[in-house]
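Peer 1: this is the structure alone, sequence omitted:
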């Protein structure tokens, strides 16, 4: 038991550093993917055909691309094309680019739950496309897809560990460090699991809270 | 209109990506053609040492040897991404100093090279693989440390390496570890050389990058995204020998790593037998022959270290 605790205290430097980076990746990834996801959703329901085509093309291509490949493209292929992105920004970008299509898909299904009559009524009142979407439709769409959205953010949290393979020292890199320091691998992995639990539990609490607060009464 | 441009940009990007991948493959082929004078390239080059299986080998009270004998094959843990050290080329051929040491040990245990089953074990899983009996022994830049001795046994050392720096051929400002300030340094994720750079503050933390494999670091070095790759000189010399016209090893080591053959901790009889094999190979010149035909291609010389029994 003491040895288990010491695994954490002896290596606090790398644990704190790793999980702090994971937190940064998660927060930036959340904001980025929600923003880009909303933008994609806007494009998919917009009256502009080219925007619709681009958004659905983007969603179907990226949704079927492994995250590792997106990372590899940004880190290894981009420099060869003269595009130099630092490793941490590349990780933010990869996570955002990858997660946004899933957010978009969830939002589209959320939009489908909003009765068509509401949009028509809003247009009849003279609202523009943007006003209809952002004042009437999307707020309702968001609240009906809270559970899948939180699940996706949860999945993204775990996806942040891919960044360890691309020169970002986050929680996924801790195991390599501790193995090299000769620490017990089982204890190491248990601590990493506990660390991730610290992230997931608040996320679940948030989900419950939002579900209760935003419950759609029909 | 804007989105149209984005679409075409995305397509251009995808196209370029494929082109880059294609170009990489071609570059490798080009290198191997000029293997003799211009380094080994991506192709496997063997030292040409013949490993005849010994007959009538017996090791008393060794569980590992009994397992090898019963299976009439040996399972060896190796690395596959270290050119001229522990390497597997595109044709599936394995070669390098560590691979030939593994073949030497197998032949002296009475197993012919064709009966060796290679298993690529990442550094982080070495102890687990040896403890779990997944492999019979491990030969792959495995430094002997007291901490590891608590978990596994070590025969050897069979080679002494030290942390060094790999730089581009035209690099003039990096001459040793104290000239790294402000330079971008790369090594394997969490590896001891990397942790040393961070601990001794050889360069700013923001200048340190880390990848799963050294070949990824070397690729970054050639792309000029970083200035130096750091790890054991043995590994770096292997890469330098691949493309000596583009890369060089600085040659100022700042650590000592004793490479041992990892084997089950409790099997002392097996450990002693492997120690004997290493000692004899150093005496009869086999060690030198293996070295000269692999790592020695980089132009550096080395002598076999004395085996440390415990």
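Peer 2: Arrived safely, thanks for sending. Note that this is a predicted model, so its numbers are computed, not measured.

Peer 1: C-alpha only now, for contacts and for neighbours.
Peer 2: Will do.

Peer 1: gap between the spatially closest residue to residue B:205 that is not a sequence neighbour and residue A:14?
Peer 2: Distances taken as CA to CA, 6 or more residues apart in numbering or on different chains put residue B:198 closest to residue B:205, at 6.7 Å, once the chain neighbours are dropped. Distance from residue B:198 to residue A:14, counting by CA to CA, to the nearest Å: 11 Å.

Peer 1: go on, residue B:266?
Peer 2: According to CA to CA, residue B:266 stands 32 Å off from residue A:14.

Peer 1: check residue B:72 too.
Peer 2: 44 Å.

Peer 1: can you list the weak-confidence ranges in chain A?
Peer 2: Within chain A, the stretches with pLDDT under 70 are A:216-218.

Peer 1: where is the longest helix in it?
Peer 2: Secondary structure of chain A per DSSP state H: the longest helix is helix A:12-45.

Peer 1: which helices and strands sit right next to it?
Peer 2: Under the contact criterion of 3 or more CA pairs under 8 Å, 6 or more residues apart in numbering or on different chains; DSSP states H and E, helix A:12-45 touches helix A:49-63, helix A:87-112, helix A:146-159, helix A:174-180.

Peer 1: starting at the chain centroid, how far to the first one?
Peer 2: Averaging C-alpha coordinates over helix A:49-63 and over its chain gives two centres that are 19 Å apart (CA atoms, centre = their mean, to the nearest Å).

Peer 1: in that helix, which residues are buried?
Peer 2: For helix A:49-63, burial by neighbour count (16 or more other CA atoms under 10 Å in any protein chain shown) applies to A:50-56, A:58-59, A:62-63.

Peer 1: neighbour count winner among residue B:72 and residue A:14?
Peer 2: When residue B:72 and residue A:14 are compared on other CA atoms under 10 Å in any protein chain shown, the one with more neighbours turns out to be residue A:14, at 20 against 14.

Peer 1: tell me how far the more buried one lies from residue A:7.
Peer 2: The gap separating residue A:14 from residue A:7 is 11 Å, by CA to CA.

Peer 1: what's the answer for residue A:198, then?
Peer 2: According to CA to CA, residue A:198 stands 18 Å off from residue A:7.

Peer 1: of the two, who's got more company?
Peer 2: Ranked by neighbour count (other CA under 10 Å), residue A:198 and residue A:7 place residue A:7 first, with 18 against 11.

Peer 1: which residues are in contact with residue A:87?
Peer 2: For residue A:87, the contacting residues are A:75, A:166-168, by CA atoms under 8 Å, 6 or more residues apart in numbering or on different chains.

Peer 1: oh sorry, the question was meant for residue B:179
Peer 2: Going by CA under 8 Å, 6+ apart, residue B:179 touches residue B:173.

Peer 1: now do residue B:84
Peer 2: Contacts of residue B:84 by CA under 8 Å, 6+ apart are B:44-45, B:95-97, B:238-239, B:241, B:294-295.

Peer 1: so can I have CSV of those residues showing secondary structure, pLDDT and neighbour count?
Peer 2: Shown next, in CSV, are these (DSSP: H, G, I helix; E, B strand; the rest coil; pLDDT from 0 to 100; neighbours: other CA atoms under 10 Å in any protein chain shown):
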residue, secondary structure, pLDDT, neighbour count
B:44, coil, 82, 21
B:45, coil, 82, 23
B:95, strand, 89, 23
B:96, coil, 90, 27
B:97, helix, 91, 30
B:238, helix, 87, 27
B:239, helix, 89, 29
B:241, helix, 81, 26
B:294, coil, 84, 27
B:295, helix, 82, 27
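
Peer 1: and which of these is nearest chain A?
Peer 2: Of all those, residue B:239 has the smallest distance to chain A: 18.5 Å, by CA to the nearest CA.

Peer 1: who in the stretch 151-300 of chain B is up against chain A?
Peer 2: B:189-192, B:209-212, B:220, B:223, B:225 (CA under 8 Å from any CA of the partner chain).

Peer 1: so which of those are in helices?
Peer 2: Going by DSSP H, the helices hold B:192, B:220 from those.

Peer 1: distance check, residue B:55 against chain A.
Peer 2: Remark: distance between residue B:55 and chain A (CA to the nearest CA, to the nearest Å) = 38 Å.

Peer 1: what about that residue, which SS state?
Peer 2: Of the three states, residue B:55 takes coil under DSSP: H, G, I helix; E, B strand; the rest coil.

Peer 1: out of the contacts of residue A:87, which is most surrounded?
Peer 2: That'd be residue A:168 among the contacts of residue A:87, by other CA under 10 Å, with 27 neighbours.

Peer 1: return the distance of residue A:56 relative to residue B:63.
Peer 2: Counting by CA to CA, the gap from residue A:56 to residue B:63 is 61 Å.

Peer 1: where does the stretch 151-300 of chain B have low pLDDT?
Peer 2: Judged by pLDDT under 70, the stretches of the stretch 151-300 of chain B that qualify are B:299.

Peer 1: which stretches of it form strands?
Peer 2: Taking DSSP state E, counting those that start in this stretch to define them, one finds strands in the stretch 151-300 of chain B at B:152-161, B:163-168, B:185-188, B:208-211, B:228-232, B:247-249, B:257-264.

Peer 1: need the ones you listed in JSON lines (columns: distance to residue A:190 and mean neighbour count).
Peer 2: JSON lines is the format used below for the strands of the stretch 151-300 of chain B (distance: least, CA to CA, whole Å; neighbours: other CA atoms under 10 Å in any protein chain shown):
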{"stretch": "strand B:152-161", "distance to residue A:190": "23", "mean neighbour count": "23"}
{"stretch": "strand B:163-168", "distance to residue A:190": "32", "mean neighbour count": "26"}
{"stretch": "strand B:185-188", "distance to residue A:190": "23", "mean neighbour count": "28"}
{"stretch": "strand B:208-211", "distance to residue A:190": "24", "mean neighbour count": "23"}
{"stretch": "strand B:228-232", "distance to residue A:190": "29", "mean neighbour count": "26"}
{"stretch": "strand B:247-249", "distance to residue A:190": "40", "mean neighbour count": "23"}
{"stretch": "strand B:257-264", "distance to residue A:190": "25", "mean neighbour count": "24"}
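
Peer 1: those strands: which one's closest to residue A:152?
Peer 2: With CA to CA as the criterion, residue A:152 lies closest to strand B:208-211 of the strands of the stretch 151-300 of chain B, at 26.9 Å.

Peer 1: show me the helices in chain B, by range?
Peer 2: Ranges of helices in chain B, per DSSP H, are B:2-33, B:63-71, B:97-108, B:126-131, B:146-149, B:192-199, B:214-222, B:233-242, B:268-283, B:286-293.

Peer 1: now the longest helix of chain A, how far from the centre of its chain.
Peer 2: Mean-position distance between helix A:12-45 and its chain equals 5 Å (CA atoms, centre = their mean).

Peer 1: burial count for residue B:256?
Peer 2: 12.

Peer 1: which ones are touching it?
Peer 2: Residues near residue B:256 by CA under 8 Å, 6+ apart: B:160-163.

Peer 1: repeat that for residue A:184.
Peer 2: Residue A:184 is in contact with A:7, A:178, counting by CA under 8 Å, 6+ apart.

Peer 1: list the contacts for residue B:98?
Peer 2: Shown in contact with residue B:98 (CA under 8 Å, 6+ apart): B:78, B:85-86, B:139-141.

Peer 1: hang on, the earlier thing: just the contacts of residue A:87 that are near chain B?
Peer 2: Okay, of the contacts of residue A:87 touching chain B (CA under 8 Å from any CA), that's A:166-168.

Peer 1: rewinding a little: so which pair among the residues of the stretch 151-300 of chain B next to chain A is furthest apart in space?
Peer 2: Pairwise distances across these peak at 24.5 Å for B:192 and B:223 (criterion: CA to CA).
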